[in-house]
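Enquirer: What shape does this take:
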Amino acid sequence: MIKVKSTAKAMSIEAALNGIVTPLHLGAQDFWKEKGHNLTDAQLGQ
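Expert: Coordinates of the predicted model:
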């Protein structure tokens, strides 16, 4: 992916949700919780 888009170097699991203010679907919520992320109320659709 880095060969296609140089900004891919900056991507990480740790920072993936930074700035996401829209609700995540239930499968994505489970994925991120399993990775140890605390989701915001906005990301949970509350």
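
Enquirer: can we go C-alpha only for contacts and neighbour counts from here?
Expert: OK.

Enquirer: Tell me, please, where in this structure the pLDDT is lower than the cut-off.
Expert: 1-3, 5 (pLDDT under 70).

Enquirer: Tell me where this structure has helices.
Expert: 26-34 (DSSP state H).

Enquirer: any idea how far the residue nearest the centre of the chain is from residue 36?
Expert: Central residue of the chain (C-alpha atoms, centre = their mean): residue 17, 3.3 Å from the mean position. Going from residue 17 to residue 36 by C-alpha to C-alpha, to the nearest Å gives 12 Å.

Enquirer: Return every residue with contacts to both of the two.
Expert: Residues touching both residue 17 and residue 36 (C-alpha atoms under 8 Å, 6 or more residues apart in numbering): none.

Enquirer: count of neighbours near residue 22?
Expert: 12 (other C-alpha atoms under 10 Å).

Enquirer: Isn't it up against residue 43?
Expert: Yes: using C-alpha atoms under 8 Å, residue 22 is in contact with residue 43, at 5.4 Å.

Enquirer: so who does the closest residue to residue 24 other than its chain neighbours touch?
Expert: Nearest non-adjacent residue to residue 24, counting by C-alpha to C-alpha, 6 or more residues apart in numbering: residue 43, 5.4 Å away. Contacts for residue 43 (C-alpha under 8 Å, 6+ apart) come out as 20-24.
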